[in-house]
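1. sequence and predicted structure are below.
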Amino acid sequence: MHLTHQPRVALVTGAGRGIGKAIAERLAAHGHTVLCVSKSDTCVAVAQGILDKGQKAKAYQVDVADPVAVAKACEQIIAEYGAVEILVNNAGITRDKLVMAMSETEWNEVLSTNLSSAFYWVKGLVRPMTRKRWGRIISISSVTGVQGNAGQANYAAAKAGLHGLTMTLARELSGRAITANAVAPGFITTDMTAELSDEIKQKILSFIPLGRFGSVTDIAAMVDYLASEEGGYITGQVFSVDGGMAI
Ligand code: NAP
């Protein structure tokens with residue numbers, strides 16, 4: 001099916017690498033102006049790569065866990081672009097430990113980066129989005145938020161929290177034709193998963209019915225659909241893109 005995309009302003013957090021970079025590049029290829037956010041300056045190279053292809057992008061180096069920094073960035077963005085119509089909450093980190101060994105700092109870092117950040121961006125951008133009477137809020141969750149995972153209490157709680165936020169946004173914003181959905185990837189080959197040992201990777205592989213790790217394109221394709229005009233009748237859902245892990 002050929003998807004329809006009218007040019008919009010899109011913002012992707014964690015666009016400097018991995019899944020977020022693939023999403024940013026895919027949205028830019030559809031003609032959207034893509035605002036690329038990352039903590040370090042990785043977003044600058046990604047935005048430049050998009051510009052080099054004759055497409056539209058701008059980089060914003062922002063710590064998404066910092067509510068003041070996000071609010072300031074949102075003000076600047078609204079002043080320059082009027083509104084963001086496609087918001088992709090993708091930035092995320094892991095600080096894995098069993099609960100009995102997990103520090104409060106490790107808990108709070110993951111909750112603020114992976115969950116509170118989505119609230120900060122929505123809060124900063126939602127009013128102009130409602131005035132556009134068209135919007136897409138897409139949050140990248142995880143199979144861990146669907147079924148839990150030993151050693152990832154902080155990450156699972158944050159990702160499951162995104163599901164609650166998503167369902168609530170769907171209800172609050174439906175009257176303005178704004179949809180809110182989450183995508184729950186399984187094991188995707190990126191920097192985040194590169195640090196796992198070969199032994200753990202082989203163990204994870206044995207739990208994936210489709211028998212392979214996912215690629216960033218597998219996730220970007222789902223986001224592409226949800227962001228398109230055709231995705232406009234889907235809201236409040238969590239889509240597993242995990243090779244069958246969460247069956
Ligand atoms: P990644 O390769 O580690 O990239 C993470 C991106 O998020 C980077 O661009 C990073 O910025 C940015 N980021 C992290 N903390 C930030 C902060 N405080 N402020 C701003 N940006 C921040 O991760 P990934 O594997 O692509 O994962 C992307 C999302 O998918 C995450 O939410 C993750 O939980 C989720 N996910 C991944 C997998 C997987 O198997 N890879 C599975 C399920 C879910 P810098 O580039 O500046 O460091």
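-> Perfect, I can see it now.

2. buried sites along the longest helix anywhere in the chain?
-> In the chain, with assignment by DSSP state H, the single longest helix is helix 153-173. By neighbour count on 16 or more other C-beta atoms under 10 Å, the buried set for helix 153-173 is 153-163, 165-167, 169-170, 173. (Glycine included, C-beta is placed from N, CA and C.)

3. for the chain, which segments count as strands?
-> Along the chain, counting by DSSP state E, strands occupy 9-13, 33-38, 56-61, 86-89, 135-140, 178-185, 238-241.

4. so which of the ones you listed comes closest to Leu205?
-> Distances from Leu205 to each of the strands of the chain were compared using C-beta to C-beta; the minimum, 15.2 Å, belongs to strand 178-185.

5. how many degrees apart are the closest one and strand 135-140 in direction?
-> Angle, strand 178-185 to strand 135-140, by axes from the mean of the first three to the mean of the last three C-alpha atoms, to 10 degrees: 20 degrees.

6. mind checking if strand 178-185 is in reach of the ligand?
-> Yes: for strand 178-185, a contact with the ligand is found by C-beta under 6 Å from any ligand atom, at Pro185.

7. what does this structure have sitting close to the ligand?
-> 13-14, 16-20, 37-40, 42, 63-65, 90-93, 113-114, 140, 142, 185, 187-188, 190-193.

8. which one in the chain is furthest away from the centre?
-> Met100 (29.0 Å; C-alpha atoms, centre = their mean).

9. what about this protein, any weak spots by pLDDT?
-> Applying pLDDT under 70 to the chain flags residues 1.

10. quick one, helices of it?
-> Using DSSP H, helices in the chain cover 18-29, 42-52, 67-81, 104-111, 117-132, 143-147, 153-173, 191-194, 198-205, 216-227.

11. need the winner for burial among those helices.
-> Of these, the one with the most neighbours on average (mean count of other C-beta atoms under 10 Å) is helix 18-29, at a mean of 25.

12. just the C-alphas of that helix, formatted as PDB.
-> What follows is helix 18-29 as a C-alpha-only set of coordinates in PDB (Å, rounded to 0.1, in the frame of the first residue of the first chain):
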ATOM      1  CA  GLY A  18      19.600   3.700  16.200                       C
ATOM      2  CA  ILE A  19      15.800   3.600  16.000                       C
ATOM      3  CA  GLY A  20      15.300   7.400  16.300                       C
ATOM      4  CA  LYS A  21      17.700   8.100  13.500                       C
ATOM      5  CA  ALA A  22      15.900   5.600  11.200                       C
ATOM      6  CA  ILE A  23      12.500   7.200  12.100                       C
ATOM      7  CA  ALA A  24      13.800  10.800  11.500                       C
ATOM      8  CA  GLU A  25      15.300   9.800   8.100                       C
ATOM      9  CA  ARG A  26      12.100   8.000   7.000                       C
ATOM     10  CA  LEU A  27       9.900  10.900   8.000                       C
ATOM     11  CA  ALA A  28      12.200  13.400   6.200                       C
ATOM     12  CA  ALA A  29      12.000  11.300   3.100                       C
END
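
13. alright, that wraps it up for me.
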